[in-house]
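Colleague: compute the structure for the input listed below.
(chains A, B, C and D)
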Protein chains: 2
Amino acid sequence: MLKYALLGFLKYNAKTGYELKQTMDTSTSHFWHAKQSQIYTTLKKLEEAGQVSSLLEHQESRPDRRVYTITESGIKALQEWLAKPVTDPETVKHTLLLKLFFSANQEKQFLLAQLGLQRTLHEQQMEHYQSETKDIIKEVAASVPALKQDAHMWEATRRFGELYEEMNLKWINETISMLQKKF
Amino acid sequence: MLKYALLGFLKYNAKTGYELKQTMDTSTSHFWHAKQSQIYTTLKKLEEAGQVSSLLEHQESRPDRRVYTITESGIKALQEWLAKPVTDPETVKHTLLLKLFFSANQEKQFLLAQLGLQRTLHEQQMEHYQSETKDIIKEVAASVPALKQDAHMWEATRRFGELYEEMNLKWINETISMLQKKF
DNA sequence: TATAACATGTAACTAGTTACATGATTGG
DNA sequence: CCAATCATGTAACTAGTTACATGTTATA
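Modeller: Here you go, the predicted structure:
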(Lines give C-alpha, C1' and ligand atoms only; values in the text may rest on other atoms or scores of the structure.)
Protein backbone atom coordinates (compact mmCIF):
# COMPACT_ATOMS: atom_id res chain seq x y z
CA MET A 1 0.00 0.00 0.00
CA LEU A 2 1.87 2.94 -1.34
CA LYS A 3 -0.63 5.31 0.27
CA TYR A 4 0.62 4.46 3.75
CA ALA A 5 4.23 4.97 2.74
CA LEU A 6 3.32 8.44 1.46
CA LEU A 7 1.36 9.26 4.62
CA GLY A 8 4.29 8.06 6.71
CA PHE A 9 6.73 10.36 4.95
CA LEU A 10 4.34 13.31 4.95
CA LYS A 11 3.89 12.95 8.69
CA TYR A 12 7.53 14.00 9.15
CA ASN A 13 6.88 17.11 7.04
CA ALA A 14 5.08 18.45 3.97
CA LYS A 15 6.59 17.44 0.64
CA THR A 16 6.00 17.49 -3.11
CA GLY A 17 5.51 14.36 -5.20
CA TYR A 18 8.97 14.85 -6.59
CA GLU A 19 10.51 15.00 -3.12
CA LEU A 20 8.56 11.94 -1.99
CA LYS A 21 10.09 9.97 -4.84
CA GLN A 22 13.60 11.08 -3.83
CA THR A 23 12.93 10.30 -0.19
CA MET A 24 11.72 6.79 -0.98
CA ASP A 25 14.66 6.16 -3.29
CA THR A 26 17.14 6.92 -0.54
CA SER A 27 15.35 5.23 2.36
CA THR A 28 12.77 2.50 1.75
CA SER A 29 13.64 1.49 -1.81
CA HIS A 30 14.92 -1.96 -0.83
CA PHE A 31 11.56 -2.90 0.70
CA TRP A 32 9.17 -0.37 -0.81
CA HIS A 33 9.50 1.55 -4.06
CA ALA A 34 7.26 3.36 -6.53
CA LYS A 35 7.45 5.08 -9.88
CA GLN A 36 7.05 8.85 -10.05
CA SER A 37 3.79 8.49 -11.98
CA GLN A 38 2.24 6.22 -9.36
CA ILE A 39 3.19 8.65 -6.61
CA TYR A 40 1.37 11.49 -8.38
CA THR A 41 -1.80 9.47 -8.98
CA THR A 42 -1.81 8.13 -5.42
CA LEU A 43 -1.41 11.65 -3.99
CA LYS A 44 -4.38 12.74 -6.06
CA LYS A 45 -6.50 9.91 -4.63
CA LEU A 46 -5.33 10.69 -1.09
CA GLU A 47 -6.39 14.30 -1.56
CA GLU A 48 -9.83 13.24 -2.85
CA ALA A 49 -10.13 11.04 0.26
CA GLY A 50 -9.21 14.02 2.46
CA GLN A 51 -6.10 12.41 3.94
CA VAL A 52 -3.74 15.00 2.50
CA SER A 53 -4.21 18.57 1.29
CA SER A 54 -2.14 20.42 -1.27
CA LEU A 55 -1.03 23.95 -2.11
CA LEU A 56 0.47 25.09 -5.39
CA GLU A 57 3.65 27.05 -4.68
CA HIS A 58 4.88 29.47 -7.29
CA GLN A 59 8.65 29.57 -7.80
CA GLU A 60 10.85 32.01 -9.70
CA SER A 61 13.16 30.37 -12.20
CA ARG A 62 11.83 26.88 -11.45
CA PRO A 63 8.59 25.03 -12.22
CA ASP A 64 5.76 25.52 -9.75
CA ARG A 65 5.53 22.83 -7.09
CA ARG A 66 2.54 21.26 -5.38
CA VAL A 67 3.23 20.75 -1.68
CA TYR A 68 1.25 18.06 0.13
CA THR A 69 0.44 18.18 3.84
CA ILE A 70 -1.03 15.30 5.85
CA THR A 71 -4.44 16.03 7.42
CA GLU A 72 -5.85 14.88 10.79
CA SER A 73 -7.77 12.21 8.93
CA GLY A 74 -4.56 11.11 7.23
CA ILE A 75 -2.71 10.86 10.55
CA LYS A 76 -5.54 8.74 11.89
CA ALA A 77 -5.52 6.42 8.87
CA LEU A 78 -1.74 5.99 9.18
CA GLN A 79 -1.97 5.24 12.89
CA GLU A 80 -4.70 2.65 12.35
CA TRP A 81 -2.60 0.92 9.74
CA LEU A 82 0.50 0.94 11.96
CA ALA A 83 -1.51 -0.55 14.83
CA LYS A 84 -2.79 -3.46 12.74
CA PRO A 85 -0.56 -6.53 13.15
CA VAL A 86 0.96 -8.11 10.05
CA THR A 87 -0.32 -11.67 9.86
CA ASP A 88 -0.17 -12.77 6.22
CA PRO A 89 3.22 -13.88 4.96
CA GLU A 90 4.89 -11.61 2.40
CA THR A 91 4.03 -12.79 -1.08
CA VAL A 92 7.24 -12.67 -2.99
CA LYS A 93 7.93 -12.74 -6.73
CA HIS A 94 11.47 -13.84 -7.37
CA THR A 95 12.26 -14.08 -11.10
CA LEU A 96 15.74 -15.56 -10.72
CA LEU A 97 14.45 -18.47 -8.63
CA LEU A 98 11.60 -19.09 -11.04
CA LYS A 99 13.99 -19.26 -13.96
CA LEU A 100 16.38 -21.50 -12.11
CA PHE A 101 13.55 -23.84 -11.16
CA PHE A 102 12.99 -24.61 -14.85
CA SER A 103 16.66 -24.44 -15.91
CA ALA A 104 17.79 -28.07 -15.62
CA ASN A 105 18.42 -28.18 -19.38
CA GLN A 106 20.22 -24.86 -19.71
CA GLU A 107 23.95 -24.72 -20.39
CA LYS A 108 26.02 -25.06 -17.23
CA GLN A 109 28.30 -22.22 -18.37
CA PHE A 110 25.33 -19.93 -18.87
CA LEU A 111 23.98 -20.68 -15.40
CA LEU A 112 27.39 -20.11 -13.82
CA ALA A 113 27.65 -16.77 -15.62
CA GLN A 114 24.20 -15.76 -14.39
CA LEU A 115 25.09 -16.60 -10.81
CA GLY A 116 28.42 -14.80 -11.15
CA LEU A 117 26.62 -11.65 -12.21
CA GLN A 118 24.21 -11.99 -9.31
CA ARG A 119 27.13 -12.32 -6.94
CA THR A 120 28.54 -9.01 -8.12
CA LEU A 121 25.18 -7.26 -7.82
CA HIS A 122 24.56 -8.55 -4.31
CA GLU A 123 28.07 -7.68 -3.19
CA GLN A 124 27.55 -4.11 -4.37
CA GLN A 125 24.16 -3.89 -2.71
CA MET A 126 25.58 -5.19 0.56
CA GLU A 127 28.33 -2.61 0.50
CA HIS A 128 25.78 0.07 -0.22
CA TYR A 129 23.82 -0.84 2.91
CA GLN A 130 27.03 -0.95 4.94
CA SER A 131 28.24 2.49 3.88
CA GLU A 132 25.86 4.96 2.19
CA THR A 133 22.66 3.76 3.87
CA LYS A 134 24.32 3.58 7.26
CA ASP A 135 25.76 7.09 6.85
CA ILE A 136 22.43 8.66 5.89
CA ILE A 137 20.78 7.24 9.01
CA LYS A 138 23.65 8.40 11.24
CA GLU A 139 23.62 11.91 9.81
CA VAL A 140 19.88 12.42 10.23
CA ALA A 141 19.98 11.02 13.78
CA ALA A 142 22.89 13.33 14.67
CA SER A 143 21.45 16.49 13.12
CA VAL A 144 17.83 16.07 14.27
CA PRO A 145 17.79 14.79 17.86
CA ALA A 146 13.98 14.38 17.79
CA LEU A 147 14.44 11.59 15.25
CA LYS A 148 16.69 9.44 17.42
CA GLN A 149 14.03 6.78 18.04
CA ASP A 150 13.04 6.83 14.38
CA ALA A 151 16.66 6.25 13.45
CA HIS A 152 16.67 3.01 15.47
CA MET A 153 13.76 1.77 13.36
CA TRP A 154 15.41 2.82 10.13
CA GLU A 155 18.54 1.01 11.25
CA ALA A 156 16.52 -2.19 11.83
CA THR A 157 15.27 -2.07 8.24
CA ARG A 158 18.78 -1.32 6.96
CA ARG A 159 20.11 -4.29 8.89
CA PHE A 160 17.52 -6.51 7.25
CA GLY A 161 18.88 -5.45 3.87
CA GLU A 162 22.43 -6.20 4.92
CA LEU A 163 21.54 -9.66 6.26
CA TYR A 164 19.49 -10.37 3.15
CA GLU A 165 22.45 -9.64 0.87
CA GLU A 166 24.76 -11.70 3.05
CA MET A 167 22.33 -14.60 2.82
CA ASN A 168 22.08 -14.21 -0.95
CA LEU A 169 25.84 -14.39 -1.33
CA LYS A 170 25.95 -17.55 0.76
CA TRP A 171 23.23 -19.13 -1.37
CA ILE A 172 24.87 -18.11 -4.64
CA ASN A 173 28.16 -19.66 -3.56
CA GLU A 174 26.44 -22.89 -2.53
CA THR A 175 24.51 -23.02 -5.80
CA ILE A 176 27.64 -22.47 -7.88
CA SER A 177 29.30 -25.39 -6.05
CA MET A 178 26.26 -27.57 -6.64
CA LEU A 179 26.30 -26.83 -10.38
CA GLN A 180 29.98 -27.67 -10.60
CA LYS A 181 29.45 -31.00 -8.85
CA LYS A 182 26.14 -32.17 -10.28
CA PHE A 183 26.16 -30.96 -13.88
CA MET B 1 5.48 -13.21 -15.50
CA LEU B 2 3.03 -15.91 -14.59
CA LYS B 3 2.86 -17.02 -18.22
CA TYR B 4 6.40 -18.41 -18.10
CA ALA B 5 5.69 -20.29 -14.90
CA LEU B 6 2.68 -21.93 -16.57
CA LEU B 7 4.69 -22.75 -19.70
CA GLY B 8 7.42 -24.22 -17.51
CA PHE B 9 5.02 -26.55 -15.72
CA LEU B 10 3.19 -27.51 -18.91
CA LYS B 11 6.48 -28.49 -20.52
CA TYR B 12 6.74 -31.37 -18.03
CA ASN B 13 3.25 -32.55 -19.05
CA ALA B 14 -0.24 -31.39 -19.99
CA LYS B 15 -2.35 -30.10 -17.11
CA THR B 16 -5.60 -28.35 -16.26
CA GLY B 17 -5.79 -24.90 -14.68
CA TYR B 18 -6.80 -26.55 -11.45
CA GLU B 19 -3.78 -28.84 -11.46
CA LEU B 20 -1.45 -25.96 -12.30
CA LYS B 21 -2.63 -24.17 -9.20
CA GLN B 22 -1.96 -27.23 -7.04
CA THR B 23 1.44 -27.74 -8.61
CA MET B 24 2.47 -24.14 -7.95
CA ASP B 25 1.20 -24.29 -4.39
CA THR B 26 3.40 -27.27 -3.60
CA SER B 27 6.52 -26.20 -5.48
CA THR B 28 7.14 -22.54 -6.36
CA SER B 29 4.75 -20.84 -3.93
CA HIS B 30 7.55 -19.31 -1.84
CA PHE B 31 8.94 -17.43 -4.85
CA TRP B 32 6.05 -17.48 -7.33
CA HIS B 33 2.36 -17.82 -6.62
CA ALA B 34 -0.93 -17.02 -8.34
CA LYS B 35 -4.64 -17.10 -7.64
CA GLN B 36 -6.79 -19.65 -9.42
CA SER B 37 -8.62 -16.90 -11.32
CA GLN B 38 -5.40 -15.42 -12.67
CA ILE B 39 -4.25 -18.83 -13.84
CA TYR B 40 -7.44 -19.32 -15.84
CA THR B 41 -7.26 -15.88 -17.49
CA THR B 42 -3.56 -16.30 -18.28
CA LEU B 43 -4.15 -19.72 -19.85
CA LYS B 44 -6.82 -18.16 -22.04
CA LYS B 45 -4.37 -15.47 -23.21
CA LEU B 46 -1.66 -18.08 -23.82
CA GLU B 47 -4.08 -20.05 -25.97
CA GLU B 48 -5.01 -16.94 -27.98
CA ALA B 49 -1.28 -16.35 -28.49
CA GLY B 50 -0.86 -19.94 -29.71
CA GLN B 51 1.59 -20.94 -26.98
CA VAL B 52 -0.71 -23.57 -25.51
CA SER B 53 -3.66 -25.54 -26.89
CA SER B 54 -6.54 -27.02 -24.95
CA LEU B 55 -8.97 -29.91 -25.13
CA LEU B 56 -12.15 -30.27 -23.11
CA GLU B 57 -12.24 -33.71 -21.51
CA HIS B 58 -15.57 -35.13 -20.47
CA GLN B 59 -15.63 -36.97 -17.15
CA GLU B 60 -18.26 -39.20 -15.57
CA SER B 61 -19.26 -38.20 -12.05
CA ARG B 62 -16.91 -35.18 -12.05
CA PRO B 63 -16.97 -31.81 -13.78
CA ASP B 64 -15.46 -31.63 -17.25
CA ARG B 65 -11.83 -30.56 -17.34
CA ARG B 66 -9.90 -28.48 -19.85
CA VAL B 67 -6.44 -29.92 -20.41
CA TYR B 68 -3.74 -27.56 -21.67
CA THR B 69 -0.77 -28.69 -23.74
CA ILE B 70 2.27 -26.55 -24.56
CA THR B 71 2.82 -25.91 -28.30
CA GLU B 72 6.09 -25.64 -30.25
CA SER B 73 5.71 -21.87 -30.13
CA GLY B 74 5.23 -22.07 -26.36
CA ILE B 75 8.36 -24.18 -25.92
CA LYS B 76 10.28 -21.63 -27.95
CA ALA B 77 8.97 -18.69 -25.91
CA LEU B 78 9.88 -20.47 -22.67
CA GLN B 79 13.38 -21.27 -23.91
CA GLU B 80 13.96 -17.66 -24.99
CA TRP B 81 12.92 -16.43 -21.59
CA LEU B 82 15.13 -18.95 -19.78
CA ALA B 83 18.11 -17.91 -21.93
CA LYS B 84 17.73 -14.22 -21.10
CA PRO B 85 19.95 -13.25 -18.13
CA VAL B 86 18.34 -11.64 -15.10
CA THR B 87 19.89 -8.20 -14.69
CA ASP B 88 17.42 -6.02 -12.81
CA PRO B 89 17.31 -6.45 -9.05
CA GLU B 90 14.16 -8.04 -7.64
CA THR B 91 11.73 -5.33 -6.66
CA VAL B 92 10.44 -6.33 -3.30
CA LYS B 93 7.40 -5.14 -1.33
CA HIS B 94 7.84 -5.90 2.35
CA THR B 95 4.92 -4.67 4.43
CA LEU B 96 6.42 -5.53 7.82
CA LEU B 97 9.56 -3.50 7.15
CA LEU B 98 7.54 -0.56 5.85
CA LYS B 99 5.42 -0.54 8.99
CA LEU B 100 8.45 -0.85 11.23
CA PHE B 101 10.16 2.03 9.42
CA PHE B 102 7.37 4.36 10.60
CA SER B 103 6.81 2.74 14.01
CA ALA B 104 9.09 4.76 16.30
CA ASN B 105 6.06 6.00 18.24
CA GLN B 106 4.24 2.70 18.56
CA GLU B 107 4.02 0.90 21.90
CA LYS B 108 7.10 -1.19 22.64
CA GLN B 109 4.90 -4.07 23.83
CA PHE B 110 2.94 -4.02 20.60
CA LEU B 111 6.11 -4.13 18.52
CA LEU B 112 7.52 -6.99 20.59
CA ALA B 113 4.29 -8.92 20.13
CA GLN B 114 4.40 -8.35 16.38
CA LEU B 115 7.95 -9.62 16.17
CA GLY B 116 7.11 -12.58 18.40
CA LEU B 117 4.35 -13.59 16.00
CA GLN B 118 6.70 -13.23 13.05
CA ARG B 119 9.22 -15.46 14.79
CA THR B 120 6.63 -18.22 15.09
CA LEU B 121 5.58 -17.88 11.45
CA HIS B 122 9.15 -17.99 10.17
CA GLU B 123 10.03 -20.96 12.38
CA GLN B 124 7.11 -22.88 10.95
CA GLN B 125 8.00 -21.93 7.41
CA MET B 126 11.62 -22.99 7.93
CA GLU B 127 10.53 -26.38 9.27
CA HIS B 128 8.22 -26.74 6.29
CA TYR B 129 11.13 -26.28 3.87
CA GLN B 130 13.26 -28.69 5.88
CA SER B 131 10.70 -31.49 5.93
CA GLU B 132 7.70 -31.44 3.54
CA THR B 133 9.38 -29.52 0.72
CA LYS B 134 12.53 -31.60 0.95
CA ASP B 135 10.51 -34.84 0.94
CA ILE B 136 8.50 -33.89 -2.16
CA ILE B 137 11.68 -33.19 -4.12
CA LYS B 138 13.29 -36.45 -2.97
CA GLU B 139 10.24 -38.51 -3.85
CA VAL B 140 9.91 -37.10 -7.35
CA ALA B 141 13.64 -37.52 -8.01
CA ALA B 142 13.52 -41.12 -6.79
CA SER B 143 10.39 -42.13 -8.68
CA VAL B 144 11.15 -40.37 -12.00
CA PRO B 145 14.86 -40.81 -12.84
CA ALA B 146 14.55 -38.48 -15.86
CA LEU B 147 13.93 -35.59 -13.44
CA LYS B 148 17.16 -36.02 -11.48
CA GLN B 149 18.76 -32.86 -12.89
CA ASP B 150 15.52 -30.93 -12.42
CA ALA B 151 15.47 -32.02 -8.79
CA HIS B 152 18.87 -30.40 -8.24
CA MET B 153 17.41 -27.10 -9.43
CA TRP B 154 14.33 -27.47 -7.30
CA GLU B 155 16.59 -28.20 -4.34
CA ALA B 156 18.50 -24.97 -4.97
CA THR B 157 15.28 -22.95 -4.78
CA ARG B 158 14.22 -24.87 -1.65
CA ARG B 159 17.55 -24.10 -0.06
CA PHE B 160 17.03 -20.41 -0.76
CA GLY B 161 13.78 -20.59 1.18
CA GLU B 162 15.46 -22.31 4.09
CA LEU B 163 18.31 -19.77 4.24
CA TYR B 164 15.82 -16.92 3.92
CA GLU B 165 13.85 -18.11 6.94
CA GLU B 166 17.04 -18.64 8.92
CA MET B 167 18.09 -15.08 8.12
CA ASN B 168 14.68 -13.75 9.11
CA LEU B 169 14.88 -15.44 12.48
CA LYS B 170 18.31 -13.96 13.08
CA TRP B 171 17.03 -10.48 12.18
CA ILE B 172 13.92 -10.82 14.34
CA ASN B 173 16.04 -11.80 17.34
CA GLU B 174 18.40 -8.89 16.79
CA THR B 175 15.48 -6.46 16.40
CA ILE B 176 13.81 -7.70 19.59
CA SER B 177 17.08 -7.10 21.48
CA MET B 178 17.38 -3.63 20.00
CA LEU B 179 13.85 -2.71 21.08
CA GLN B 180 14.53 -3.93 24.61
CA LYS B 181 17.69 -1.84 24.84
CA LYS B 182 16.72 1.34 23.04
CA PHE B 183 13.04 1.83 23.86
C1' DT C 1 26.14 22.93 -26.06
C1' DA C 2 24.25 19.09 -24.11
C1' DT C 3 22.56 16.81 -20.15
C1' DA C 4 21.08 16.40 -15.52
C1' DA C 5 18.02 18.19 -12.19
C1' DC C 6 13.80 20.33 -11.21
C1' DA C 7 8.78 19.69 -11.64
C1' DT C 8 3.93 17.74 -12.82
C1' DG C 9 0.88 15.26 -14.89
C1' DT C 10 -2.26 11.94 -18.12
C1' DA C 11 -3.35 7.77 -21.00
C1' DA C 12 -2.98 3.26 -22.06
C1' DC C 13 -1.71 -0.82 -20.56
C1' DT C 14 -0.33 -5.13 -17.75
C1' DA C 15 -0.65 -7.71 -13.53
C1' DG C 16 -2.99 -9.28 -9.87
C1' DT C 17 -7.03 -9.57 -6.30
C1' DT C 18 -11.74 -10.12 -4.69
C1' DA C 19 -16.15 -11.37 -5.30
C1' DC C 20 -19.54 -13.81 -7.59
C1' DA C 21 -21.73 -17.94 -9.90
C1' DT C 22 -22.42 -22.97 -10.45
C1' DG C 23 -22.65 -27.75 -9.24
C1' DA C 24 -21.38 -32.88 -8.43
C1' DT C 25 -19.05 -36.33 -5.41
C1' DT C 26 -16.63 -38.17 -1.53
C1' DG C 27 -15.46 -38.74 3.22
C1' DG C 28 -16.11 -37.95 8.07
C1' DC D 1 -25.66 -33.59 6.94
C1' DC D 2 -21.70 -30.77 6.32
C1' DA D 3 -17.26 -29.75 4.65
C1' DA D 4 -13.72 -30.61 1.42
C1' DT D 5 -12.36 -31.65 -3.19
C1' DC D 6 -12.95 -31.40 -7.89
C1' DA D 7 -13.60 -28.08 -11.68
C1' DT D 8 -14.20 -23.62 -14.56
C1' DG D 9 -14.99 -19.30 -15.35
C1' DT D 10 -16.39 -13.90 -15.44
C1' DA D 11 -16.77 -9.06 -13.65
C1' DA D 12 -15.22 -5.43 -11.17
C1' DC D 13 -11.66 -3.62 -9.06
C1' DT D 14 -6.85 -2.20 -7.23
C1' DA D 15 -1.98 -1.76 -8.06
C1' DG D 16 1.65 -0.79 -10.76
C1' DT D 17 4.33 0.15 -15.35
C1' DT D 18 5.39 2.40 -19.70
C1' DA D 19 5.00 5.90 -22.68
C1' DC D 20 3.90 10.43 -23.73
C1' DA D 21 3.87 15.57 -23.10
C1' DT D 22 6.02 19.98 -21.51
C1' DG D 23 9.34 23.34 -20.08
C1' DT D 24 13.26 25.93 -17.26
C1' DT D 25 17.76 26.41 -15.21
C1' DA D 26 22.22 25.11 -13.48
C1' DT D 27 26.39 22.71 -14.40
C1' DA D 28 30.03 20.35 -16.75
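
Colleague: and the strand or helix carrying residue A:128, what does it pack onto?
Modeller: Residue A:128 is part of helix A:108-128 when elements are defined by DSSP states H and E. Judged by 3 or more CB pairs under 8 Å, 6 or more residues apart in numbering or on different chains; DSSP states H and E, helix A:108-128 is in contact with helix A:95-101, helix A:148-182. Using the backbone N, CA and C atoms, a C-beta is placed for each residue, glycine as well.

Colleague: and of those helices, who's closest to DNA strand C?
Modeller: The closest of those to DNA strand C is helix A:95-101. By CB to the nearest atom of the strand, the value is 9.8 Å.

Colleague: now look at that closest one and say if it contacts DNA strand C.
Modeller: No. Counting by CB under 7 Å from any atom of the strand, DNA strand C is not contacted by helix A:95-101; separation bottoms out at 9.8 Å.

Colleague: residue contacts, the nearest residue to residue A:55 once chain neighbours are set aside?
Modeller: Closest residue to residue A:55 apart from its sequence neighbours, by CB to CB, 6 or more residues apart in numbering or on different chains: residue A:67 at 5.4 Å. By CB atoms under 8 Å, 6 or more residues apart in numbering or on different chains, the residues touching residue A:67 are A:14-16, A:54-55, A:57.

Colleague: by neighbours, which of the residues you listed wins?
Modeller: Of the contacts of residue A:67, residue A:15 is surrounded by the most neighbours, 20 neighbours in total, counting by other CB atoms under 10 Å in any protein chain shown.

Colleague: quick one: residues contacting it.
Modeller: So residue A:15 contacts A:9, A:23, A:67-68 (CB under 8 Å, 6+ apart).

Colleague: just the element for the residue positioned nearest the centre of chain A, please.
Modeller: The residue lying closest to the centre of chain A (CA atoms, centre = their mean) is residue A:29, at 2.2 Å. Here residue A:29 is covered by no helix or strand, with elements defined by DSSP H and E.

Colleague: look up phi and psi at it.
Modeller: Backbone torsions for residue A:29, taken as degrees, to the nearest 10, come to phi -60, psi -30.

Colleague: separation between it and residue A:127?
Modeller: According to CB to CB, to the nearest Å, residue A:29 and residue A:127 sit 16 Å apart.

Colleague: any idea how chain A splits into domains?
Modeller: A:2-82, A:95-182 (automatic domain parsing).

Colleague: make CSV from those and add mean pLDDT and distance to residue B:104 to it.
Modeller: Listed next are the domains of chain A as CSV, based on pLDDT from 0 to 100; distance: least, CB to CB, whole Å:
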stretch, mean pLDDT, distance to residue B:104
domain A:2-82, 95, 10
domain A:95-182, 96, 4
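
Colleague: okay if I get these as JSON lines plus distance to residue B:120?
Modeller: Supplementary listing: those in JSON lines, determined by distance: least, CB to CB, whole Å:
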{"stretch": "domain A:2-82", "distance to residue B:120": "21"}
{"stretch": "domain A:95-182", "distance to residue B:120": "18"}
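
Colleague: residues from chain A in reach of DNA strand D?
Modeller: By CB under 7 Å from any atom of the strand, the residues of chain A that approach DNA strand D are A:1-2, A:33-35, A:37-38, A:41, A:61-63.

Colleague: distance to residue A:171 and secondary structure for these - can I get that in JSON lines?
Modeller: As requested, the residues of chain A next to DNA strand D are exported to JSON lines (distance: CB to CB, whole Å; DSSP: H, G, I helix; E, B strand; the rest coil):
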{"residue": "A:1", "distance to residue A:171": "29", "secondary structure": "coil"}
{"residue": "A:2", "distance to residue A:171": "30", "secondary structure": "helix"}
{"residue": "A:33", "distance to residue A:171": "23", "secondary structure": "coil"}
{"residue": "A:34", "distance to residue A:171": "28", "secondary structure": "coil"}
{"residue": "A:35", "distance to residue A:171": "29", "secondary structure": "coil"}
{"residue": "A:37", "distance to residue A:171": "34", "secondary structure": "helix"}
{"residue": "A:38", "distance to residue A:171": "31", "secondary structure": "helix"}
{"residue": "A:41", "distance to residue A:171": "37", "secondary structure": "helix"}
{"residue": "A:61", "distance to residue A:171": "51", "secondary structure": "coil"}
{"residue": "A:62", "distance to residue A:171": "47", "secondary structure": "coil"}
{"residue": "A:63", "distance to residue A:171": "46", "secondary structure": "coil"}
